[in-house]
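Peer 1: Just to be clear, the model below is a prediction. Sequence and coordinates:
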Amino acid sequence: MRELQKTDYEKVRPLFEELRWNLVTSAVIEGTSPGRIYLDHVEDSKTAFMCTVEGYYLAGYDNNDEFNISLNRLIFERIFAGDTVRKDETDVAIGFHPDSWKEKMPIIFQGRVPLTTTRRHYVCTELKVDHWRDHVPKGFQVQRIDAKFLKTPSLDIPEHVTDWMKTNWGSISDFIKRGFGFCMLHDKKVVSWSVADCVSGDACEIGIHTHEDYRRQGLATLTAAAAVDHALSRDFQQVGWHCDEYNPGSIGVAEKVGFKLERKYIQYYACANEAHHLEETAQAHYRAKRYEEAIQCYEKFFSTPPEELPEWLREILPQELGTHYFRVALAKAAIGEDTGALKYLEKAVDNGWLHINFLMSRREFESMHGTSAWNSILQKIREKLYPVEM
């Protein structure tokens, strides 16, 4: 395996031809997005591995065992150790062509049992939201993110916005020069933003993010519509959008704006930290309704000593524990373990999971309805939701 010099990136474009719908692969080759490319041979290469800020990509001949073993070492010894294109990368998710790469994933990820995730790729060539400006709520305004905007005093701009620019474009100045973005403002606070991920030729890709306190108000749709409107009114012929299959919020925004599903695709991935990988494995089993496997992984994850968790996971885990406990409760209820389900449901409530309407709608818990333990849990949720002032 050899790392290719950036001045020679154009040589590998034919290898990534079948993956060009992942626009970032072209952006890396053209030098407008950060990346690295590794080859089996610098001259007459048949296999290539690309590291980008939007993921990892394998292309070409898959049956080179020496290359695949070297790739395993690259992942575990360098990428998992923090030598990444994207700052603070926590996992390696690989897209690939041809499909026969699937058979090589156990070799490439040897040391972790690789997981799979289904993704969606959307393309928009025509904006579906008519007169989007007329729908911006009173007290809100949409603005383009440019050099002037970024220098506006007293604006509350989330660090995530500028990090997005630096990560995907290399620097804010490169983003200003080649990219574009729009945001929704409320009282001088940026509450939703849609920023270009990359551009190549007459195509671009965008993403969307909305502050938690401002979701489910249609703001993401309007902000993304502004970005798409800008792109299509300039020199871009199409706008791309990628999201996870299990992300209904992102799917909903894309389809409301006018994006059409172009394809679904599979990525194989593994996490750098073993405990994090165990958590991801538990979630994968839960989503697939492999409830016994999900319970086993979650209970093993819960017993992981804190010092074995990465710092970022230790910081966010208190906010996520309630959801994890609820998933175990539902999984146990689904396989008929009512006592265990109630135990974990109580843990979920104690850790802030208070979605009583959703709980009542789940058939998995019907056998517990009316029991004293069930009524006690419902009462605890109500007391937390509607505390009585003493």
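Peer 2: Received the coordinates, thanks. Numbers count the residues shown, from 1 in each chain.
Peer 1: okay, CA-based contacts and neighbour counts for the rest of this
Peer 2: Noted.
Peer 1: Please report how far Glu301 lies from Phe109.
Peer 2: Quick fix: residue 301 reads Phe, not Glu. For Phe301, the distance to Phe109 equals 20 Å [C-alpha to C-alpha, to the nearest Å].
Peer 1: ignore the last one, Thr167
Peer 2: From Thr167 to Phe109 the distance is 25 Å (C-alpha to C-alpha).
Peer 1: Equivalent analysis for Asp202, please.
Peer 2: For Asp202, the distance to Phe109 equals 36 Å [C-alpha to C-alpha].
Peer 1: Among the two, which residue is more densely surrounded?
Peer 2: A count of neighbours by other C-alpha atoms under 10 Å puts Phe109 above the other of Asp202 and Phe109, at 23 against 13.
Peer 1: any idea of the mean pLDDT for the longest helix belonging to the chain?
Peer 2: What stands out as the longest helix in the chain, according to DSSP state H, is helix 311-334. Across helix 311-334, pLDDT averages out at 96.
Peer 1: Quick check: buried residues in it?
Peer 2: Buried residues in helix 311-334, defined by neighbour count with 16 or more other C-alpha atoms under 10 Å: 321-334.
Peer 1: chain center to stretch 287-301: distance?
Peer 2: Distance of stretch 287-301 from the chain centroid (C-alpha atoms, centre = their mean, to the nearest Å) equals 21 Å.
Peer 1: Give me the contact list for it.
Peer 2: Residues outside stretch 287-301 that contact it (C-alpha atoms under 8 Å, 6 or more residues apart in numbering): 275, 278-279, 281-286, 324, 328, 331-332, 334-335.
Peer 1: Kindly check the end-to-end length of stretch 93-112 for me.
Peer 2: Stretch 93-112 has its terminal residues 13 Å apart, counting by C-alpha to C-alpha.
Peer 1: Can you list the buried residues in it?
Peer 2: 93-97, 101-102, 104-105, 107-110, 112.
Peer 1: Name the nearest of those relative to Ile157.
Peer 2: Ranked by distance to Ile157 (C-alpha to C-alpha), these are led by Ala93 at 29.4 Å.
Peer 1: What does the residue nearest to the closest one when sequence neighbours are not counted show for phi and psi?
Peer 2: Nearest residue to Ala93, sequence neighbours excluded (C-alpha to C-alpha, 6 or more residues apart in numbering): Tyr269, at 4.1 Å. Backbone torsions for Tyr269, taken as degrees, to the nearest 10, come to phi -150, psi 160.
Peer 1: Model confidence score at Tyr269, please.
Peer 2: With respect to pLDDT, Tyr269 has a value of 97.
Peer 1: Is it in contact with Arg112, as I believe?
Peer 2: No - counting by C-alpha atoms under 8 Å, Tyr269 does not reach Arg112; the two are 9.4 Å apart.
Peer 1: shared neighbours, these two?
Peer 2: The contact sets of Tyr269 and Arg112 do not overlap (C-alpha under 8 Å, 6+ apart).
Peer 1: distance of Ile176 from Met165?
Peer 2: From Ile176 across to Met165, the span is 9 Å (C-alpha to C-alpha).
Peer 1: between these two, who's got more neighbours?
Peer 2: Shown here are Ile176 and Met165; by other C-alpha under 10 Å, Met165 has more neighbours (23 against 15).
Peer 1: Now do the same for the more buried one: helix, strand or coil?
Peer 2: Assigned by DSSP: H, G, I helix; E, B strand; the rest coil, the conformation of Met165 is helix.
Peer 1: go on, the one 3 residues further on?
Peer 2: Put simply, Asn168 is helix when judged by three-state DSSP.
Peer 1: What helix or strand is Ile377 located in?
Peer 2: Here Ile377 sits within helix 372-385, counting by DSSP states H and E.
Peer 1: Give me the contact list for that helix.
Peer 2: Contacts with helix 372-385, where a contact means C-alpha under 8 Å, 6+ apart, come from Leu342, Leu345, Glu346, Val349, Leu354, Ile356, Met368, His369.
Peer 1: Filter these down to the buried ones.
Peer 2: Buried by 16+ other C-alpha under 10 Å: Leu342, Leu345, Glu346, Val349, Leu354, Met368, out of the contacts of helix 372-385.
Peer 1: CSV please, covering these and showing distance to Arg119.
Peer 2: Listed next are the buried ones among the contacts of helix 372-385 as CSV, based on distance: C-alpha to C-alpha, whole Å:
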residue, distance to Arg119
Leu342, 34
Leu345, 31
Glu346, 34
Val349, 32
Leu354, 30
Met368, 36
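Peer 1: Cool, thanks, talk later.
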